[in-house]
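> Any chance you can model this:
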Amino acid sequence: MDPVAALREVAFWLEREHAKTYRVQAYRHAADIVATLSEPGFEEHRRADSWTAISGIGPKTAAVIRESFEDVPTYLQTLRDAAEPIGRGGQDLLGALRGDLHVHSDWSDGGSPVDEMLRTASTMLGHEYIAMTDHSPRLTVANGLSAERLRTQLSVVAELNEKSYSTRMLTGIEVDILDDGSLDQDEGLLAELDIVVASVHSNLRADRSLMTKRMLRAVENPNVDVLGHCTGRLVTGGRGTRPESKFDAEKVFAACRDYETAVEINCRPERRDPPSRLIDLALDIGCVFSIDTDAHAPGQLDWLGYGCERAAERGIEPEEVINAWPVDELLAWTDR
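Below you'll find the predicted structure:
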C-alpha cells in the first residue's frame, strides 16, 4: 500500500468508530508529514527505517508506514475486520444514496481540509457527490464564512472538481436562520450555490409562534433547499443534552412540501433530528427528505447509516430522498 493512504485509512476507521480525537489526528498528521517529504528524503527514511526520527511520527504510525511497503499493515487490517455496518436496518436505503448534502471542513468548524473530505468521499465511500456546506458568518464560534471567504472557497471547490476524483463536490453553505427568518448570507451569493441548508443555531428556546414564523420565512425562501436539524435537540454526547425547539411542525412541514424544501434527517448520533414522530408527520404531509451526515471530519462521512436506519424504520423510500437522486436531477430540482 501507499503509506500515506494507509495512514489516512487508519484515521478514517478510528474516526468512524468515535475514537478519541488525539488518536485520529496522530495518524492523519503522520500522513501529512510523509506526503510532504521529498522523494530523496522519503527513500532515505525507507532505506534506513528511520521514520521515528521524524518529529510527529511515533512507533505506531511508523509501524503502519513500514508494513505498508509489503502488504496491508496489520493494524489497518484489524480495523477493517472489526468494522461493523452502521445502521443495519437501513442498508437498502443506504445503498440507494448517491451523496451527502451537509458536510463541513476546517474553513469553519470542521477538522479537515476540503480536499481531505472530498478524497475520503471518493476513495473510501464512492459517493457520486458531496456538498461543502460550511457555516455562515454569524456563527462566529464556528468560524463562519463571510461572503468574501465563501467566494474564495468556491474557487477551491472548482479547482478540486478539475482533478481526477470520481466524486463531484457541490458548492453550498449551512446558512443560519436569523431571528426574523432572514438568512445570514448575501441572497445573490446564495442563489449561485448548488445546495443551501438552512438551520437554526441561536435563540433555540424562542416562543413557539415566533419560532414558527422564523422557520416559515426561511423555508419559503427560494434559495433554501434543505431545512437542517429542525428541532436543534441534542440527545447525548460531550455537549450534553438539549430539548427540542418548539414550533408548529404541521405548518412548517406543509411549507416544506409546498415550497420544495427537503426536511433533513441528520445522522449525527447526538442529534437524531428530527425525532421519529416528526419524521412520520413530514412523511404524511408529503415532504421529501435529505439524509445527511453533518460530518465535521472524514470518518464521520460514513455515518449515513445512522440516518438511513431511522428513515427506513419510518417507511421512507429512496425516491423520497433527494440525495438518492442522480446529480443532474438533484441540481435541476435545487435550481427550480
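> Quick check: the gap between the residue nearest to Val224 when sequence neighbours are not counted and Val235.
With sequence-adjacent residues excluded and distances taken as CB to CB, 6 or more residues apart in numbering, Val224 is closest to Ala198, at 4.5 Å. Bear in mind the C-beta positions are built from the backbone N, C-alpha and C, glycine included. Note on Ala198: its distance to Val235, by CB to CB, to the nearest Å, is 22 Å.
> More neighbours: which of these two?
Ala198 (28 against 15; other CB atoms under 10 Å).
> got the contact list for that one?
Glu174, Val175, Asp176, Ile177, Leu183, Ala218, Val219, Asn221, Val224, Val226, Leu227, Gly228 (CB atoms under 8 Å, 6 or more residues apart in numbering).
> can you count the residues close to the last one?
Other residues near Gly228 come to 28 when the count uses other CB under 10 Å.
> these two touch, right, Ala83 and Glu17?
Yes: applying CB atoms under 8 Å, one finds Ala83 in contact with Glu17, separated by 7.4 Å.
> which helices and strands sit right next to the longest strand seen in the chain?
Assignment by DSSP state E gives strand 168-176 as the longest strand of the chain. Contact here means 3 or more CB pairs under 8 Å, 6 or more residues apart in numbering; DSSP states H and E; on that basis strand 168-176 packs against strand 99-103, strand 129-132, helix 147-161, helix 187-192, strand 195-199, helix 327-334.
> Any buried residues in the helix or strand where Thr120 lies, and which?
Element membership of Thr120, judged by DSSP states H and E, is helix 114-123. By 16 or more other CB atoms under 10 Å, the buried positions in helix 114-123 come out as Val114, Asp115, Glu116, Met117, Leu118, Arg119, Thr120, Ala121, Ser122.
> Check the gap between the fifth one and Val103 for me.
Right, Leu118. 9 Å.
> same deal with the last one?
In this view, Ser122 and Val103 are 13 Å apart by CB to CB.
> And the fourth one, by the same measure?
Distance from Met117 to Val103, counting by CB to CB: 6 Å.
> Common neighbours of the two, please.
Gly110, Ile130, Met132, Ala295, Leu301.
> nearest to Gly87, of these?
Among the shared contacts of Met117 and Val103, Leu301 lies closest to Gly87 (CB to CB), at 13.9 Å.
> sec struct for the closest one, please.
Three-state call for Leu301 (DSSP: H, G, I helix; E, B strand; the rest coil): helix.
> In contact with the closest residue to it other than its chain neighbours, which residues?
Of all residues not flanking Leu301 in the chain, Ala295 sits nearest, at 4.7 Å (CB to CB, 6+ apart). Residues in contact with Ala295 (CB under 8 Å, 6+ apart) are Asp100, His102, Val103, His104, Gly110, Met117, Leu301, Trp303.
> Check Val197 too.
101-102, 131, 133, 172-175, 225-228, 264, 290, 292.
> Check Pro318 too.
Pro318 neighbours (CB under 8 Å, 6+ apart): Leu93, Ala96, Leu97, Ala324.
> Specify which member of those is nearest to Gly56.
Closest to Gly56, out of all of the contacts of Pro318 and judged by CB to CB, is Leu97, at 36.0 Å.
> Give me the neighbour count for the closest one.
For Leu97, the neighbour count with other CB under 10 Å is 23.
> How confident was the prediction at it?
In the predicted model, Leu97 carries a pLDDT score of 98.
> That one and Val321 touch, don't they?
Yes: judged on CB under 8 Å, Leu97 makes contact with Val321 at a distance of 7.0 Å.
> still on that earlier bit, check which helices and strands the helix holding Thr120 sits against.
helix 3-16, strand 99-103, strand 129-132, helix 147-161.
> Now do the buried residues in the longest one.
The one in question is helix 147-161. Buried, per 16+ other CB under 10 Å, within helix 147-161: Leu150, Gln153, Leu154, Val156, Val157, Leu160.
> can you check stretch 140-148 too?
Residues of stretch 140-148 classed as buried: Ala142, Gly144, Leu145 (neighbour count, 16+ other CB under 10 Å).
> Please consider this matter closed, and thank you.
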